[in-house]
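K.L.:
what shape does this take:
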Amino acid sequence: MSLRLEGKVAVITGGASGIGEATVEKFVSEGARVVIADMQADRGAALAKKLGEQVVFIRTDVCIEAQVKAAIELAQERWGRLDCLFNNAGFAGVNGDIQETDMGEPYERTVGAMLTGPVLGMKYAAPIMKQQGFGSIVTTASIAGTGAGYGPHIYSAVKSAVINLSRSVAQELGPFKVRVNSVCPGFINTPIFVGQLALNEKEKDFVSPLEDVSAMAQPISRAGQPRDIDNAVCFLASDESDFITGHALVVDGGMTLGSWSHPDTGPSFTDAIGQILGTGELSKLDMVYHADDS
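P.N.:
Just a heads-up that it's a prediction; the model follows:
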């Protein structure tokens, strides 16, 4: 049986941990060669070493144009092509009530990592893919970008922008057979979620129950896993999706289908998490940046 990404070359930002790491491993297992572009030098280098000569790591801050350009160029210089760009780097970012929004470094970093980063990736991938006459660009958005109540204000706004950016660029690049899509995860059990909760030592004991609660937050009664997203991204990167562009693929177990409550847990996921942590309200937990990509 042929591999779905045999001979393809991909750049994956935020590829050293969480969804990005799972996607790197998935792509390699399907025959791709991958550039891991991530701020986490130790983790990225270790993953590249583990996966062998099909993978190379380059330290990349997606807020810095020269570093994004270098990651894209590395793929072309090493392997002579670029079939897929997965803009995945991100974090929860600045949080809190709108009147308390810190417009300094936290805000700039949030917008920089999750909006400027994808813009830069598209900017430098586009000319290569246009010249080739093929390519797939995928960006991690979120269900928070599809409606209110699924994330902090700025995070939600940025993810909504990413979805529409992908649609807009899809129109420009479609005539060159370059496809541009986004993927919208729901709750996925990765460090980006656990890292968002400013847990003290006692509260860290509740990380496992958080996963248990999340399993009852949507009609498909299990917590989302990185494999759920890497499977979706692999599909969008493959030739199987060559007639799909400008699409926001929601992968959330049905969380966004509408009003729903599990018969055993009551009205809402956020209420249940609040009860577990003894806060009564999830929004009172601070979201913090750990330099971990999604």
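
K.L.:
all the strands of this protein, in order from the start?
P.N.:
9-13, 33-38, 55-59, 84-87, 135-140, 178-185, 248-251 (DSSP state E).

K.L.:
any regions of the chain where pLDDT drops low?
P.N.:
1, 190-215, 260-294 (pLDDT under 70).

K.L.:
mind doing that once more with 80?
P.N.:
1, 92, 189-218, 258-294 (pLDDT under 80).

K.L.:
ranges for the helices of the stretch 1-150 of the chain?
P.N.:
Assigned by DSSP state H, counting those that start in this stretch, the helices in the stretch 1-150 of the chain fall at 18-29, 41-51, 65-79, 105-111, 117-132.

K.L.:
would you mind finding the most buried of these?
P.N.:
helix 18-29 (a mean of 25; mean count of other Cβ atoms under 10 Å). (Glycine included, C-beta is placed from N, CA and C.)

K.L.:
report the contact partners of the spatially closest residue to Val24 that is not a sequence neighbour.
P.N.:
Of all residues not flanking Val24 in the chain, Gly15 sits nearest, at 4.7 Å (Cβ to Cβ, 6 or more residues apart in numbering). By Cβ atoms under 8 Å, 6 or more residues apart in numbering, the contact list for Gly15 reads Glu21, Thr23, Val24, Val34, Ile36, Ala37, Asp38, Gly44, Leu47, Phe86, Asn88, Asp293.

K.L.:
how about a cut-off of 7 Å?
P.N.:
Glu21, Thr23, Val24, Ile36, Ala37, Asp38, Gly44, Asn88 (Cβ atoms under 7 Å, 6 or more residues apart in numbering).

K.L.:
could those residues go into a markdown table alongside distance to Gly254?
P.N.:
Below are the contacts of Gly15 laid out as a markdown table (distance: Cβ to Cβ, whole Å):
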| residue | distance to Gly254 |
| --- | --- |
| Glu21 | 26 |
| Thr23 | 22 |
| Val24 | 28 |
| Ile36 | 32 |
| Ala37 | 32 |
| Asp38 | 31 |
| Gly44 | 34 |
| Asn88 | 23 |
